[in-house]
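S.K.: Provided below for reference: sequence and predicted model.
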Amino acid sequence: MAETTPEDLELERLSVSDATAKKDPPPESSFQQHVRVLTSFLEICISEGAKAFRYDVQICSTKTGKPLTKGPADDGHRAMRKEVCYDLLYSALLKSNGFGTGQGYRLPLVYNRENVLFFAQPLPEECINIDLDTDEDFRDVSKYVHCLIDSDDSVRVSISKLISKDESVIDLHQLVFELPSVNDEAASSPSRRFTMFLELLTTAPSLYNGTHTSFGPSLFEKMNELDMGNGKHMLRGLKKGVSIVEKDGIPYPAMVVDAKTSAFFKEQRLMDSFKEFGHEPCPALDDHTQWKKIESLFKDVRVVVLGKASNPGRKRLTFLIDGITMQPAERLTMTTRDFHGNVVQYFEQKKGVTLQYPYLPCVEYKTLDGRTEVKHVYPLELLYVVAGQKVPLEKADQEHTMILQKKSSVPPNDRFKMINDQLEKIGLFSAKDHLLKAFGVSIGDYISTKAGIRVAPKIEVAGGKQVRIDQDSASWKNATKLGYRCPVEIKKWVVLHSCPDGDVPAIQSFVRKMVDVAMRRGVRMETPQILNVKQFGGTLINAFEALSTNPPHFVMYIGVFGKNEKSREDKDLSHDMLKVCEQHYGILTQHVSKKRMQDVVNFNKLSVLDNIIHKTNMKMGGLNVIPRVEQLGKRMELDSGNFLVIAYDVCHPPAVSAQQRRLVKSVDPSLSSFDPSVVGIVANCVEHPHAFIGDFHYQAAKQEEVEESLLVARTKWIFRNLEASKGRQSRPKHVIVLRDGVSEGQYRMAMAYELEAIRRAVQEIDPSYTPTFTLVICTKRHNKRFFNMANGPATNTKPGTVVDRDVTRSGVTQFFMQSHFPLIGTAKMPQYDVLIDEANFSMDEIESFVNCMCHSHQIVESAVSIPEPVYASDEMAKRGWNNFMETRRSFPETIPINPDTKLVDFEELTKRLGYWHTQLDGVRFNA
């Protein structure tokens, strides 16, 4: 019978409530230093007797009865509807003299610009109908109203009190004292209604004053724009939200803010946007490259037909751009019931419009006739770009990305000034703001708190020698010159390149330098064979086919990266193609760009060479360094063999257009795309407890939740690797799960479904095996900022800084910790939420463990911002997505299709593209 340890007895004593209970912050003695930090949290103060009375709103066309609050889900139509509905509500307010209150336009109200309305006092009538049917009623309404109703139509605004008393009145002051110890994220819960109202209320002043436009949780200035060219501009603003946080055990509401900059399409004539591509009036028709660039950027952008081309009396046509024709309007044929000719003739005869640019192409768009798509064309000179359309990240080119990064990555003091400036412009600091004052709400000052600075881990290199980390820079520069902790031997490897023959001497010099430096780090590396892809027909696929007959252990490829290359030839030599070959042939690869090779050879950039060798040693199964957790976290030292760390993240496909979304929903309402989501998962399930390996798995694109069957299968895969590498030591006492990418509203999902799937897999593997589970959510997707104000102007906090009190979430063990040193801009502390801890680790232990994991990245000699397993899982998910896209582009016939659903078979896709059934199973292929 196994010996029972005091730790085992302690675990038996723990209950489920203990596992989820909020932990106390560490004692002050746990930190080597303390500092006051100013947070981007502002306390929301609520006066006695403050209430909000909720009403439902319906804004409908009188002619059709259809609600104007509903429509397509794209940015443009949503912005159009919200702007129009807001104006129509205030027009109804004016016409009804304040909905019967006698207060007219100054009646305080909060409107979500859809169907929810709040007042500070109940209305005299429970139901009110206001008909807007005169020109005066529409005088101040947005011009986009003509896209929603016919010109001879009128609008009815109906306001009705909710039947349920619990939902119709929010007692704001009373709820402050009744905020639950554990937040309930259900949409109907009192705490969620409370925070939802406060989010709307803090948005309302900027909408009322007309200074900002809202987009999701962000507000953007209308007038303060930066021209980006190509029909885009950058808007500055504020991202905000409301959280229930806790100080000394007492929950209270706080507004959380951060500066925000985003790129939007300009609201202007489409022709004017196209002119910005450097031509007058537009690129030449035979400039196919430029037109393809325009088409790619403006696809799925909503436009509206200009007034002179619209049908008299009818609402104006608005649609999403689907493409650009390759022929000019004068050569495009149109056929209708009573017309046959070209586009120019059609608009002259049927619309009375003479096209000024008949030699330019037209815009293509689609409509649905049942389930059948019908294609149409429209002259681009007659179209206008709708406001409020954000430029998706996947459409950002290099110049676009650099501009955004430059404007977003600002020093801490500049960022603090930007936040403060936006709050002043919005009016939330104004004690005279009639909206907040009417609802008994005011915004307090920024909340300051005491933060602690943890002792950094030590770095262990060759021979077990430990090196101190420079805490100010979170780095251990030159430590690896003492030798790698676990170096590898590389006997048979190949350098494959796609460079001109004139670059061969440089490649040879690079290889000599690499072998020499690697040997000094302890890596035993033979001289490789140097081959040109031209020897194999000029493609990577041919080269790997030839190499696979007598495969090397490792292939280093020197060539282009291919992301921005134009030709098919270059794409066949790209990074993505290299990784597809790696998985298919089971040969480990590493890509070194030609520029990096030249940096090493021509400019002796040894730091670049070091990073290349760090990655090589990692990929081949070595460890460059081992971080040693600080003394207060020793119980969580991975070398004990008691810990299995599992981390996973999900990469979702890009958003689809409204038309594509309708098609997807018609097949399966739960899907968001026909393309897969990709789950990246890693674990320390090989021989060395500090070594992490991983893989990716495809699933249907539904939501953030990882499918239970997937987690069960992957957990069993992890334990198979454990058993193969550790034998009898394959049953660690503790399982630490690090989950990235879930919002606070999805915590219940992570606990009740995902963690339980992992637990079930463990029980199926060995019913007698009962490890403890600890679930920690890690995310940087938040808008909380922390500033060191000790010496006047705001500066970045020091690596190792922890905020674990005063502004942490109510009812949940939460802390913010900065492990890294930000090279540019303002540091963002990752947020950690400990949802379940069956081992009852102390906050000291958890914080020390997480900080240690941030020093385990291996490739660079400094800490990263998030724990290395989380970072690696994100990279695994990206690899899975890139391999899928490259396979679909180059080998579409190999994508498996389910014969019943006609959709991609994601399980079969995982078998074909995943690494777990290849020669590279159990290898750190994605270092």
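M.R.: That came through, no problem. Everything quoted here is computed from the prediction, not taken from an experiment.
S.K.: Tell me the pLDDT of Q659.
M.R.: For Q659, the model assigns a pLDDT of 68.
S.K.: start the count at 3, not 1, going forward
M.R.: Yes, from this point I'll number from 3; that puts the last item at Q661.
S.K.: strands paired with the helix or strand where V39 lies, and their directions?
M.R.: Following DSSP states H and E, one finds V39 within strand 35-48. Strands that pair with strand 35-48, judged by DSSP bridges, come out as strand 252-267 (antiparallel), strand 443-455 (antiparallel), strand 788-790 (antiparallel).
S.K.: Tell me which helix or strand comes right after the shortest one.
M.R.: Counting by DSSP H and E, the next helix or strand C-terminal to strand 788-790 is strand 803-805.
S.K.: which residue of the chain sits farthest from its center?
M.R.: Most distant from the centre of the chain: D340, at 50.3 Å, with distances by C-alpha atoms, centre = their mean.
S.K.: Please determine how far that residue is located from Q351.
M.R.: According to C-beta to C-beta, to the nearest Å, D340 and Q351 sit 10 Å apart. C-beta coordinates here come from the backbone N, C-alpha and C atoms, glycine included.
S.K.: Do you have the strands of the stretch 753-902 of the chain handy? List them.
M.R.: With strands called from DSSP state E, counting those that start in this stretch, the stretch 753-902 of the chain shows them at 774-781, 788-790, 803-805, 810-811, 815-820, 833-839.
S.K.: Can you add mean neighbour count and give the strands paired with strand 35-48 back as CSV?
M.R.: Listed next are the strands paired with strand 35-48 as CSV, based on neighbours: other C-beta atoms under 10 Å:
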stretch, mean neighbour count
strand 252-267, 21
strand 443-455, 18
strand 788-790, 22
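S.K.: Check which helices and strands the helix or strand C62 falls within sits against.
M.R.: Using DSSP H and E, C62 sits within strand 53-63. Judged by 3 or more C-beta pairs under 8 Å, 6 or more residues apart in numbering; DSSP states H and E, strand 53-63 is in contact with helix 77-97, strand 118-121, strand 157-163, helix 167-170, strand 171-173, helix 174-180.
S.K.: at 6 Å instead, please
M.R.: strand 118-121, strand 157-163, strand 171-173 (3 or more C-beta pairs under 6 Å, 6 or more residues apart in numbering; DSSP states H and E).
S.K.: Throw the ones you listed into JSON lines and include distance to K25 and mean neighbour count, thanks.
M.R.: Below are the helices and strands packed on strand 53-63 laid out as JSON lines (distance: least, C-beta to C-beta, whole Å; neighbours: other C-beta atoms under 10 Å):
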{"stretch": "strand 118-121", "distance to K25": "37", "mean neighbour count": "20"}
{"stretch": "strand 157-163", "distance to K25": "44", "mean neighbour count": "20"}
{"stretch": "strand 171-173", "distance to K25": "31", "mean neighbour count": "17"}
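S.K.: which stretches of the stretch 253-402 of the chain have low pLDDT?
M.R.: 373 (pLDDT under 70).
S.K.: how about the strands paired with strand 35-48 in TSV, adding distance to F222?
M.R.: Listed next are these as TSV, based on distance: least, C-beta to C-beta, whole Å:
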stretch	distance to F222
strand 252-267	7
strand 443-455	20
strand 788-790	23
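S.K.: Nearest to L542, out of those strands?
M.R.: strand 252-267 (34.6 Å; C-beta to C-beta).
S.K.: can you dump the C-alpha coordinates of the closest one into CSV?
M.R.: Coordinates of each C-alpha in strand 252-267 appear next as CSV, following Å, rounded to 0.1, in the frame of the first residue of the first chain:
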residue,chain,number,x,y,z
ILE,A,252,-16.0,44.5,-0.4
PRO,A,253,-17.2,44.5,-4.0
TYR,A,254,-17.7,47.7,-5.9
PRO,A,255,-18.2,48.8,-9.6
ALA,A,256,-15.4,50.3,-11.5
MET,A,257,-14.9,51.6,-15.0
VAL,A,258,-11.8,50.2,-16.8
VAL,A,259,-10.4,52.3,-19.6
ASP,A,260,-7.5,52.3,-22.1
ALA,A,261,-6.5,54.4,-25.1
LYS,A,262,-7.5,52.8,-28.4
THR,A,263,-6.5,53.5,-32.1
SER,A,264,-8.1,51.6,-35.0
ALA,A,265,-8.2,51.9,-38.8
PHE,A,266,-11.6,52.5,-40.5
PHE,A,267,-12.7,52.9,-44.1
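S.K.: from the middle of its chain, how far away would that strand be?
M.R.: Remark: strand 252-267 is offset 16 Å from the chain centroid, using C-alpha atoms, centre = their mean, to the nearest Å.
S.K.: Which SSE is immediately downstream of that strand?
M.R.: As assigned by DSSP H and E, the chain's next helix or strand after strand 252-267 is helix 272-277.
S.K.: how about that next one as PDB, C-alpha atoms only?
M.R.: C-alpha atoms of helix 272-277 as PDB (Å, rounded to 0.1, in the frame of the first residue of the first chain):
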ATOM      1  CA  LEU A 272     -15.800  55.200 -53.500                       C
ATOM      2  CA  MET A 273     -14.100  57.000 -56.400                       C
ATOM      3  CA  ASP A 274     -12.300  59.200 -53.900                       C
ATOM      4  CA  SER A 275     -11.100  56.100 -52.000                       C
ATOM      5  CA  PHE A 276      -9.700  54.600 -55.200                       C
ATOM      6  CA  LYS A 277      -8.000  57.800 -56.200                       C
END
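S.K.: can you count the residues close to S674?
M.R.: 18 (other C-beta atoms under 10 Å).
S.K.: what residues are up against it?
M.R.: A703 (C-beta atoms under 6 Å, 6 or more residues apart in numbering).
S.K.: the bottom helix or strand of the protein by mean pLDDT?
M.R.: The helix or strand of the chain with the poorest confidence is helix 8-15; it has a mean of 44 (mean pLDDT, DSSP states H and E).
S.K.: Do I have it right that L357 meets Y348?
M.R.: No: L357 is beyond contact range of Y348, at 9.8 Å (criterion: C-beta atoms under 6 Å).
S.K.: so what's the nearest residue to D806 once chain neighbours are set aside bridging to?
M.R.: Leaving aside its chain neighbours, D806 sits nearest to F817 (3.8 Å; criterion: C-beta to C-beta, 6 or more residues apart in numbering). Beta bridges link F817 to Y834, judged by DSSP bridges.
S.K.: ok, F817 touching P832?
M.R.: No: F817 is beyond contact range of P832, at 9.6 Å (criterion: C-beta under 6 Å).
S.K.: for this structure, what's the longest helix?
M.R.: Identified as the longest helix of the chain according to DSSP state H is helix 870-892.
S.K.: Tell me the buried residues in the very next helix or strand once past that one?
M.R.: Counting by DSSP H and E, the element after helix 870-892 in chain order, helix or strand, is helix 908-915. With burial defined by 16 or more other C-beta atoms under 10 Å, the residues of helix 908-915 counted as buried are 908-909, 911-912, 914-915.
S.K.: Kindly reformat these as a markdown table containing distance to G231 and pLDDT.
M.R.: Compiled in a markdown table, these are given as follows (distance: C-beta to C-beta, whole Å; pLDDT from 0 to 100):
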| residue | distance to G231 | pLDDT |
| --- | --- | --- |
| F908 | 40 | 95 |
| E909 | 45 | 95 |
| L911 | 40 | 97 |
| T912 | 42 | 97 |
| R914 | 42 | 97 |
| L915 | 38 | 98 |
